[in-house]
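[1] Structure of the sequence below:
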Amino acid sequence: MITKSAPSISAATPPAQAATLLRSTINRSVETAREVLAAANIALPPFASWSVEDWAKAGDEMQEVRDCMLGWDVTDFGSGRFHELGRTLFTLRNGRTNDSRYPKPYAEKLLIEPTGQRSPMHYHRSKREDIVNRAGGNVIVVLRSVGADGKPGSDNIVVQIDGKRHQVASGSEIRLRPGDSLTITPKTYHQFWAEAGTGMLFGDVRYSVSSEVSSVCDDWCDNVFIDDWALRFPTIIEDEPRRCYLCHEYPAQA
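    Just a heads-up that it's a prediction; the model follows:
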């Protein structure tokens, strides 16, 4: 494990136009994610391959998938620059706060990470998460404390890396090799990405796979982004037919 002081990662430049994400980009990203996960020998549940037609026939037996927002999640966070600021994820399991039907206190996601792409820096109001490097190359994580004004601060941060306690400077880079994991506490700014030059090669892009093991994930209310223009879910341009539903798009039961 290597930690080192890193230069400040500033907020991304706000998009010059309204945020848009093409349905064709979503469709391609999901297909690539399936290929990457298969190459990493990571299997998905059956509903991961369901079509729009399959969901049209699904009844209330699939309500947990709908209500807890399991499944595919592709977003550009409102950046309009998906390949730089975006994510392709698959939520495997999740609970739902204050809903007795879904009492799981935990969640798990897979993150498919091409080099060159990252999420905006953000923190969670209540979610505690472990980022686990599952396959491919190295993953770089940058952590920052939250200042009194809600902006990134300069206080040192105590972190657990594979169960070992470390104190790191705010803004440090932490390199996770495959198998390594890092605990991120609530109200800690973080941003992470696949390290360039590492990972599994698909075409001309290298990929790593991480998982997020956490307390219940509420993506509607629990995210605070450093960029005031950032959105958790994208505005989508329907330039081609939808091949699958994203986790926030499921139709009502048949």
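[2] pretty sure residue 175 is in a strand, no?
    Yes. Residue state for residue 175 (DSSP: H, G, I helix; E, B strand; the rest coil) corresponds to a strand.
[3] That one touches residue 138, doesn't it?
    Yes. Using CB atoms under 8 Å, residue 175 is in contact with residue 138, at 5.4 Å. All C-beta atoms are positioned from the backbone trio N, CA, C, and that covers glycine.
[4] intersection of neighbour lists for those two?
    Shared contacts of residue 175 and residue 138 (CB atoms under 8 Å, 6 or more residues apart in numbering): residue 195.
[5] What's the first helix or strand after the helix or strand of the chain with the lowest mean pLDDT?
    One helix or strand of the chain scores below all others by mean pLDDT, DSSP states H and E: strand 2-4, with a mean of 52. Next along the chain after strand 2-4, taking DSSP states H and E as the criterion, comes strand 21-22.
[6] what sits up against that following strand?
    Where contact means CB under 8 Å, 6+ apart, the residues beyond strand 21-22 that reach it are 74-76, 82, 86, 234-237, 239-240.
[7] Repeat that for stretch 58-67.
    Taking CB under 8 Å, 6+ apart as the rule, stretch 58-67 contacts 47, 50, 55, 70-71, 96, 99, 101-102, 250, 253-254.
[8] What ranges does the stretch 101-250 of the chain have for its strands?
    Secondary structure of the stretch 101-250 of the chain, counting by DSSP state E, counting those that start in this stretch: strands at 106-114, 122-124, 129-135, 139-144, 157-161, 164-168, 173-176, 181-184, 189-194, 200-202, 205-215, 223-225, 236-237.
[9] want to try a markdown table for those, with distance to residue 26 and mean neighbour count as columns?
    A markdown table is the format used below for the strands of the stretch 101-250 of the chain (distance: least, CB to CB, whole Å; neighbours: other CB atoms under 10 Å):
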| stretch | distance to residue 26 | mean neighbour count |
| --- | --- | --- |
| strand 106-114 | 13 | 22 |
| strand 122-124 | 21 | 21 |
| strand 129-135 | 23 | 21 |
| strand 139-144 | 23 | 23 |
| strand 157-161 | 33 | 17 |
| strand 164-168 | 36 | 12 |
| strand 173-176 | 27 | 20 |
| strand 181-184 | 27 | 20 |
| strand 189-194 | 20 | 22 |
| strand 200-202 | 17 | 14 |
| strand 205-215 | 17 | 21 |
| strand 223-225 | 20 | 17 |
| strand 236-237 | 7 | 16 |
